[in-house]
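Visitor: what's the 3D shape of this:
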Amino acid sequence: QVQLVESGGRLVQAGDSLRLSCAASGGTFTSYVMGWFRQAPGKEREFLAEIYRSGATFYVNGVKGRFTISRDNGQNTVALEMSDLRSEDTAVYYCAARRGGVIGRRDSYEYWGQGTQVSVSS
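Guide: Modelled structure (predicted):
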């Protein structure tokens, strides 16, 4: 059983940058592809990015160039660096882990954190 705990979410101004972190425990971290999702009020949870054990990454087009995912296999952590934040980035951000399945597919992810709130004011 893998436990994931996100941190770093807060209220920021439009144009600011923010770093989210996710700490994993209870499993073999390098066995998992780690991903970030977000869910805005009234919307479905959407995939943002994922990172493989090797460091290879995949992003959805909407955040490519603004968001950067990284992982530290020694510390069992994954991070999401966000820049040029916009009001539409306001959401609860979730860290998730999968071993198999399909890139970016929500139901491929086995474990989820509780989420961290990011609010962007304009």
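Visitor: Per-residue pLDDT of E110, please?
Guide: In this model, E110 is scored at 96, pLDDT.
Visitor: try the one 10 residues further on
Guide: Here, the pLDDT recorded for V120 equals 98.
Visitor: just A49 next, same as before
Guide: Reported pLDDT for A49: 98.
Visitor: Could you do the one 5 residues further on as well?
Guide: According to the per-residue confidence, S54 scores 95 in pLDDT.
Visitor: For it, give me the backbone phi and psi.
Guide: Main-chain dihedrals, S54, degrees, to the nearest 10: phi -70, psi -20.
Visitor: same thing with E110?
Guide: The phi/psi pair for E110 (degrees, to the nearest 10) is phi -90, psi -30.
Visitor: Could you double-check that it sits in contact with M34?
Guide: No - using Cβ atoms under 8 Å, E110 makes no contact with M34, being 11.5 Å away. Bear in mind the C-beta positions are built from the backbone N, C-alpha and C, glycine included.
Visitor: any common contacting residues for the two?
Guide: Taking Cβ atoms under 8 Å, 6 or more residues apart in numbering as the contact rule, E110 and M34 both touch A97.
Visitor: out of those two, which sits in the busier spot?
Guide: For E110 and M34, the more surrounded residue by other Cβ atoms under 10 Å is M34, and the numbers stand at 29 against 15.
Visitor: Quick check: bridge partners of the more buried one?
Guide: On the basis of DSSP bridges, M34 is bridged to I51, A97.
Visitor: who's in contact with it?
Guide: 22, 24, 50-51, 69, 71, 78, 95-97.
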